[in-house]
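> Please find the sequence and the predicted model below.
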Number of protein chains: 6
Amino acid sequence: MFYHVKQLQYNAKPTRPDPVYAKKLQEVLGGQFGEISVMMQYMFQGWNCRAEGKYKDMLLDIATEEIAHVEMLATMIAQLLDGAPAHAQDEAAKDPVVEAVLGGMNPQHAIVGGLGAKPDDSTGYPWTARYIVSSGNLLADFRANLNAESQGRLQVCRLYEMTTDPGVRDMLSFLIARDTMHQNQWMAAIEELEAPQGAIVPSTFNQEAEKQEVSYSFMNFSEGEESKSGRWANGPTLDGQATFEYDAAPKPMGQIPILQPGPAYIHGTPPEELRIQRGTGKMEPPGQG
Amino acid sequence: MFYHVKQLQYNAKPTRPDPVYAKKLQEVLGGQFGEISVMMQYMFQGWNCRAEGKYKDMLLDIATEEIAHVEMLATMIAQLLDGAPAHAQDEAAKDPVVEAVLGGMNPQHAIVGGLGAKPDDSTGYPWTARYIVSSGNLLADFRANLNAESQGRLQVCRLYEMTTDPGVRDMLSFLIARDTMHQNQWMAAIEELEAPQGAIVPSTFNQEAEKQEVSYSFMNFSEGEESKSGRWANGPTLDGQATFEYDAAPKPMGQIPILQPGPAYIHGTPPEELRIQRGTGKMEPPGQG
Amino acid sequence: MFYHVKQLQYNAKPTRPDPVYAKKLQEVLGGQFGEISVMMQYMFQGWNCRAEGKYKDMLLDIATEEIAHVEMLATMIAQLLDGAPAHAQDEAAKDPVVEAVLGGMNPQHAIVGGLGAKPDDSTGYPWTARYIVSSGNLLADFRANLNAESQGRLQVCRLYEMTTDPGVRDMLSFLIARDTMHQNQWMAAIEELEAPQGAIVPSTFNQEAEKQEVSYSFMNFSEGEESKSGRWANGPTLDGQATFEYDAAPKPMGQIPILQPGPAYIHGTPPEELRIQRGTGKMEPPGQG
Amino acid sequence: MFYHVKQLQYNAKPTRPDPVYAKKLQEVLGGQFGEISVMMQYMFQGWNCRAEGKYKDMLLDIATEEIAHVEMLATMIAQLLDGAPAHAQDEAAKDPVVEAVLGGMNPQHAIVGGLGAKPDDSTGYPWTARYIVSSGNLLADFRANLNAESQGRLQVCRLYEMTTDPGVRDMLSFLIARDTMHQNQWMAAIEELEAPQGAIVPSTFNQEAEKQEVSYSFMNFSEGEESKSGRWANGPTLDGQATFEYDAAPKPMGQIPILQPGPAYIHGTPPEELRIQRGTGKMEPPGQG
Amino acid sequence: MFYHVKQLQYNAKPTRPDPVYAKKLQEVLGGQFGEISVMMQYMFQGWNCRAEGKYKDMLLDIATEEIAHVEMLATMIAQLLDGAPAHAQDEAAKDPVVEAVLGGMNPQHAIVGGLGAKPDDSTGYPWTARYIVSSGNLLADFRANLNAESQGRLQVCRLYEMTTDPGVRDMLSFLIARDTMHQNQWMAAIEELEAPQGAIVPSTFNQEAEKQEVSYSFMNFSEGEESKSGRWANGPTLDGQATFEYDAAPKPMGQIPILQPGPAYIHGTPPEELRIQRGTGKMEPPGQG
Amino acid sequence: MFYHVKQLQYNAKPTRPDPVYAKKLQEVLGGQFGEISVMMQYMFQGWNCRAEGKYKDMLLDIATEEIAHVEMLATMIAQLLDGAPAHAQDEAAKDPVVEAVLGGMNPQHAIVGGLGAKPDDSTGYPWTARYIVSSGNLLADFRANLNAESQGRLQVCRLYEMTTDPGVRDMLSFLIARDTMHQNQWMAAIEELEAPQGAIVPSTFNQEAEKQEVSYSFMNFSEGEESKSGRWANGPTLDGQATFEYDAAPKPMGQIPILQPGPAYIHGTPPEELRIQRGTGKMEPPGQG
């Protein structure tokens, strides 16, 4: 169960309205790697957690913090939209340059949201639950989390560069710092899980059942061998089980696929002989029952 | 540019049709972490790659291999759908138990696809480009790739357990082995990039500009302190810059947000005094121009 | 900012696993009117609220409660999935009737979620932010909220009828009771706002600027006049401004629309005379610059 | 069955083209509460109606009118797009300010639609059937309809303020008036249904089966008690069955959830002891059948 | 503007309920090529039509008929859902085979729709406006229409085979006949437009501006030359301008793409030399302004 | 299986960056009829092909070429984004007109993609697999393909007009030429299939089972008879089986639909008599088990 306090986790006070920047900032609120995504991802991982209690507790700690980040961003966006000259008779909006700049707004901020934040990304695309990951395997999921915090911090840093408003930058500097922590956190949690069980997910599948001839071979499907010089093609594999091989000219190992014709009631392409006999009354098509 | 050869990369030959399993197998073809996702993710990372050539080459090598995996899965699914008793007058379909089992099919496999594979997941939800990641920062993206291969191998292993068909298991054993390689590959590439630049993405943002007081602190937002015993709350941080702190009772640091009323032409909730004066003719509403 | 406590708001303890029912129960977790929808809807209305403080406070009270409802449902679903016979060699799964019943599962519960809840509805369709409403006009939004609680209680009542598990029914009886309260709550809040400002949203648009001839007329566009006998066609209008009229045979009042041909560089359908002159060399098509 | 007449229900004649406004106007054509939504919502409620005939007739009357509104908006948008300077060699488009203003167009209006209206909202997001509601319970659905007409009129009023074109304003004044009627209509229909059956949806669920201890209690989950002063926390409940209570400090009533580990074939996080034993050959993982 | 009459265009009377078939039949109501798609496609083509009047009139004729087809299907589905044993205590539902068969229902038909039709396809995926086509070029769009009627008739024929209910088959026989007409109609309209303007869309683009060396060459990108024996590689081209060529071994004609590094404020992958210098204090990262 | 070569199929070299045009060009990369759509459509048709080998070979030839077109467009877009003045302190970006022009960029190009192409359309909407068609009936699918190439060439021609950059125009002239070939190709393939089997899809459904009274009748549902003068209402039908009829005043042929009330456990609208008896204790609602 949850409780709310009125103060924000950190300040969200812009120096001046900026409705065009408000549209951009939506990315880290409702985009693929925005705060709604990490909030929901950590919540579902926590609620679904079947491992020992410290993982569930840790996941719900950070999930609960992320709701506060969503709250800060929504509050910031609503203030960036203050006083947007959206009225046709507004003096500012009559200036064609101002009008043109406002063309960069998300029109839904005025028409639909009444100058409020939306759970959407910077193109206006709505947040979707297909963004999140909760697989029941914590090592897999912590890798998803490390990725999310890496993409997220990258996007916030880019947004930091796109504004000079000190109030906005102050809030972003807080989010960037928390993402530094959260990248560290997931790396630490990954290290803790990999140590005993090994690095390959899932660790419980019997490797003898996999096609081991191709388990450690880099296959060069693109003309040229620049790809030969990377760590992924040289030295011991990262799971400690083998040495990387480089297959410079991989060959197909499978059949040439030939599918049998479908049954008549599917009405697929008629077989060639049936196409030619059409109209002779010899065929007995389905659909007469 | 690309060329095609007719042989599959590896065999895709089921022992017998199984339309219910065909529906399940769609997950690793067109789902969030299916082969279409990794194919498109690696392609776009390769085409957008602005780093030195070996990365672009390596990305397009693996991207090109993944098209072959999509091809194997599509071919397998089409064969699992052979002879599905979808006709109402089919003897098999008249048995209520068979009818019930067939209720577990994806109806679009017959109605829409004519017994062909679809670019959808196991619930019939279509593949969407919002699944993929290409950020222009390779360290961030290689973490996305490691996650994708972890989730992908996990799902294929689960599907392996859900069938006893030796032909299907043979094909899956190949995909599982390639995912073993691909997890190793991305771990190797990550190691190669982290060594010089450090582990935090992006490494080029000046850390002095972030709110460093909170860069290494685990915040306990959930009652109880089980989360204190993990690696994420003890010892040196993984970026080597600090020591993890544990904030047992994090406090809000921000303002209580109060938004100003919107302009009249937005027609938001009228201010309280205006709500009360309604009908007196004193207010001058917009919409008269 | 938010805090979490470990206990659930109310018990979520099924008597026995039931993976088919787990699929159905997803509707009120991640469907159009599920608990994620009301949680997010009330959160955004609260964060965007520009009216006096008691509304913001009330909205965040109920929003915070709704996170707890999401938590209860996710926990219930994970338990309903316990021990699902998803393994091909499981004895239970070899019985064709059991196999058929399991065909009614959501396959992603096993393959993707590892026996965990998903943020999706009962067909597996992901929750989308386009479900929610936050307009900046509280009277409009409270009507959205009353609708959401009406649809929500209706769905939970239907789900109550679809199970006999006393543990599941116990949890649902709690959610139904809260929906009773929440319907009452929004009706009360609507009454409080309508009293001073009137019932039509938005109240601040000058009604003289609307086409008042058609403001109170029911138009009968469907053959027959059964629709004449309802309250909506008789007596005073609900805003107290007029009397309902019934237009038994509404006539069009507008122009016959004729659009002008598009410019050449759009390459729309060529005008008829140009279609006929084709090949004579007389036309000067675009695309030569 | 349906018939069409060529005249529009009301005039749709802009004074001048305005492709940027055309983008905005798409919101009330193809957005969440646009005319396509109400057209489809009333159609499906009418076709699915199992109540007495006057409701089905009334629903199809208004549904049929709404098709005419879609027609008016599509016609208006096509004319607002007339002569858009989308050609690179167009004189107007060479002016950087004009170019900038045109950056506010929806590019699909030219590239995809050839200067025609699209069934999308103002961000270009396509209309989706998940917007509509048809539950089989008319009281629930009429609340959805009242909400739709409230949000819809609000959005049209905002769009009215965003233009000074008298032709556009004339058409919008008609739509605003019809929305006045339609809000009145649904309030009247709600009143008619609530009178005999009471205000809580569904009225047929036995209230003794709900957890009545919490059926009338406002729970204060957010610090501070501003929410205590509203109608929703004081006086008789709107269903006439009780008095509102205010629970200033709600306590959790449920269990602390602990999930059991998943079965081996799910390959979730291995139990702690199994993680540590890895590599000793003692464990018997699945995947060997 | 539109009018409705109460009779259906043709009978929609099933002989008995069949909720599993109701799920399947949704495909031709709300699927990619269902009746909602053609209704909306023809409507938007008609409303956006800038060609001479007979085309607009014809498009709105058929669009208006398609609303009646949607109505017939929705009515049929609602009746197929009559008496579905969705109640847990229903005798029929206690039989495990019946329970299993009902697992093939769309659960939303009961929980969300209250035994009503939904605007979704047979997997429960909602109809989306991205299905439709209205380009402003009638020849292009009539090809889209011919395709839609071809896919549509194919799907209805398949559904015809999947039932033995004479009432359902009677209705489908009507829809199949209308699709026969509509395929003929669009072929006729295409013939009428192609005759004067030629077969290539758009006909108004100056062909001298295209890269004519590759305008009539079939390129063999797949190993083997089976594709050489088709009409598409032999004889005059269908636009009457050339003869098909067969390029057995197509060669790349473009550059090897090398992208330049991004600017510093994008925080992409750091250039190799910068990665190595990290920590020396020599670099001047962005983010200091 | 597939191989990659480093050279592009044709040059993709813009003369100068143009981030606003980059947004527009996304339409033919990731839009409904962009290159991803045709690539995936031809791939799935090829993999699912159950007809003789030359069709499968031909489909995979063109599918493989389309991957190269996706590659060219992605490469072009990345270069058009070079040097976009997205930094707040960039001199160029401080000019309000430049700022306004940049408002026409897709913000995700900078924030999410790091100046890389995205698999989305020109509004930022992601590519979805619901765009593609693979029905198992080649005649149906070749019509889909002819439509796709017609819409595609139309869109590329429009984009050609919207730029004056000779490098961009050079690449587009190649794509336009290939679309000329591909329209010819699908027309040729259609001709080859129609000759033996006739023009109506599917040809194998017994036409005696369709409602032949309405198989060749144009129905005039829209007031006025302009639609009478087209080829679709005069002369022999295109399948050679009949003569077009014109039904100037089509009449409904079906029943007036009346649905029976739903069962109690669905909690639909209560029957009228039950609504009135409420509260008398006489009714026995469900929900007591």
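That came through fine.

> mind listing the strands in the stretch 151-289 of chain A by residue range?
A:217-219, A:245-247 (DSSP state E, counting those that start in this stretch).

> Buried residues of the last one, list them for me.
Neighbour-count burial for strand A:245-247 flags A:245-246 (criterion: 16 or more other CB atoms under 10 Å in any protein chain shown). Bear in mind the C-beta positions are built from the backbone N, C-alpha and C, glycine included.

> chain center to it, what's the gap?
32 Å (CA atoms, centre = their mean, to the nearest Å).

> Mind listing the strands that strand pairs with, and their directions?
strand A:217-219 (parallel) (DSSP bridges).

> Assign a three-state SS to the residue of the stretch 1-150 of chain A found nearest chain F, would you?
The minimum distance from the stretch 1-150 of chain A to chain F, using CB to the nearest CB, falls at residue A:104 (2.4 Å). With DSSP: H, G, I helix; E, B strand; the rest coil as the basis, the three-state label of residue A:104 is coil.

> Neighbours of it, how many?
22 (other CB atoms under 10 Å in any protein chain shown).

> what does residue A:83 give?
15.

> so it is in which element?
In the assignment (DSSP states H and E), residue A:83 maps to no helix and no strand.

> Could you check how far the residue lying closest to it once chain neighbours are set aside is from residue A:96?
Counting by CB to CB, 6 or more residues apart in numbering or on different chains, residue A:83 lies nearest to residue A:17, which is 5.2 Å off, once chain neighbours are set aside. Going from residue A:17 to residue A:96 by CB to CB, to the nearest Å gives 20 Å.

> if we can go back for a sec, dump the residue contacts of the residue of the stretch 1-150 of chain A closest to chain F.
Residues in contact with residue A:104 (CB atoms under 8 Å, 6 or more residues apart in numbering or on different chains) are A:20, A:23, D:103-104, F:100, F:102-104.

> Could you dump the strands of the stretch 151-289 of chain A into a markdown table and include mean pLDDT?
Shown next, in a markdown table, are these (pLDDT from 0 to 100):
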| stretch | mean pLDDT |
| --- | --- |
| strand A:217-219 | 97 |
| strand A:245-247 | 97 |
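
> Which one, of these, ends up nearest to residue B:5?
Residue B:5 sits nearest to strand A:217-219 of all the strands of the stretch 151-289 of chain A, at 13.9 Å, using CB to CB.

> what about residue A:161, how many residues close to it?
If you count neighbours by other CB under 10 Å, residue A:161 ends up with 24.

> Could you single out the nearest of the contacts of residue A:104 to residue F:256?
Looking across these and measuring by CB to CB, the closest to residue F:256 is residue D:104, at 49.5 Å.

> what's around the nearest residue to residue A:169 once chain neighbours are set aside, how many residues?
Nearest residue to residue A:169 in three dimensions, chain neighbours excluded: residue A:160, at 6.0 Å (CB to CB, 6+ apart). Applying other CB under 10 Å, we find 24 residues neighbouring residue A:160.

> got it, and residue A:251?
What residue A:251 shows, counting by other CB under 10 Å, is a neighbour count of 10.

> surely residue A:18 meets residue A:167?
No - between residue A:18 and residue A:167 there is no contact under CB atoms under 8 Å: 10.4 Å.

> re earlier: let me see the contact set for the residue nearest to residue A:83.
A:79-84.

> mind running it again at 7 Å?
A:80-84 (CB atoms under 7 Å, 6 or more residues apart in numbering or on different chains).

> show me where the stretch 51-200 of chain A has helices.
A:53-80, A:91-94, A:96-102, A:107-111, A:138-161, A:166-197 (DSSP state H, counting those that start in this stretch).

> how far away is the residue sitting nearest the centre point of chain A from residue B:155?
In chain A, the C-alpha nearest the mean C-alpha coordinate belongs to residue A:32, at 4.2 Å (CA atoms, centre = their mean). Distance from residue A:32 to residue B:155, counting by CB to CB: 20 Å.

> now do residue A:152
On the measure of CB to CB, residue A:152 and residue B:155 end up 24 Å apart.

> Equivalent analysis for residue A:233, please.
27 Å.

> and those two? which has more neighbours close in?
More crowded of residue A:233 and residue B:155, by other CB under 10 Å: residue B:155, with 28 against 22.

> pretty sure that one is touching residue B:33, no?
Yes - assessed by CB atoms under 7 Å, residue B:155 is found in contact with residue B:33 at 6.3 Å.

> Leaving out sequence neighbours, find the closest residue to residue A:87.
Closest to residue A:87 by CB to CB, 6+ apart is residue B:265, at 4.1 Å.

> For burial, what's the neighbour tally of the one you found?
24.

> Can you give me the distance of the nearest residue to residue A:176 once chain neighbours are set aside to chain D?
Ranked by CB to CB, 6+ apart and with sequence neighbours excluded, the top spatial neighbour of residue A:176 is residue B:210, at 4.3 Å. Computed as CB to the nearest CB, to the nearest Å, the residue B:210 to chain D distance reads 29 Å.

> Having no further points to raise, I will conclude here.
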